[in-house]
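K.L.:
Kindly return the folded structure for what I paste below:
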Amino acid sequence: LELTTDRYGEETSWKVINTDNNVVVAFNENYASSTVFSETFSFPRDVCYKFIISDSGDNGICCLFGNGKFSVSYDGIVLGSGKRFGSSASFLFGNCDAKL
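P.N.:
Numbers count the residues shown, from 1 in each chain. Here you go, the predicted model:
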């Protein structure tokens, strides 16, 4: 995960869930505003996961309040990126024959 927060970094949170809707990893604490973060985790390849990024201000992380953005990669492939997403955005990754 590559994340640049907007001027309201404390509104940004994210999590990864598995097919049982269990949270595998999450970051819900206050991110600093207008700051770049890089997070790296390892996940077994035989499981389907869902990455969910949320903005409690319901306005994404760009562009009214700064130039925030995010990019999610898995095995070197960018799964998704964005900045304008309202309250949340999500992407599946891993072995996702069974959808979440």
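
K.L.:
what about Pro44, neighbour count?
P.N.:
The number of residues packed near Pro44 is 10, by other C-beta atoms under 10 Å. (Each C-beta comes from the backbone N, C-alpha and C, glycine too.)

K.L.:
again, but for Asn22
P.N.:
The burial count assigned to Asn22 is 8, neighbours taken as other C-beta under 10 Å.

K.L.:
Let me know the pLDDT of it.
P.N.:
Per-residue pLDDT puts Asn22 at 95.

K.L.:
before we move on, what about Val78?
P.N.:
Looking at Val78, the pLDDT reads 93.

K.L.:
Name the nearest residue to it, ignoring sequence neighbours.
P.N.:
With sequence-adjacent residues excluded and distances taken as C-beta to C-beta, 6 or more residues apart in numbering, Val78 is closest to Ser71, at 5.9 Å.

K.L.:
now swap in Asn95 and tell me
P.N.:
Excluding its sequence neighbours, the residue lying closest to Asn95 (C-beta to C-beta, 6+ apart) is Asp46, at 5.2 Å.

K.L.:
wait, the one you found sits on Asp97?
P.N.:
No - counting by C-beta atoms under 8 Å, Asp46 sits too far from Asp97 to count as a contact (10.5 Å).

K.L.:
Work out for me the element Leu92 sits within.
P.N.:
strand 88-94 (DSSP states H and E).

K.L.:
Tell me the buried residues in that strand?
P.N.:
Under the neighbour-count criterion of 16 or more other C-beta atoms under 10 Å, strand 88-94 has Ala89, Ser90, Phe91, Phe93, Gly94 buried.
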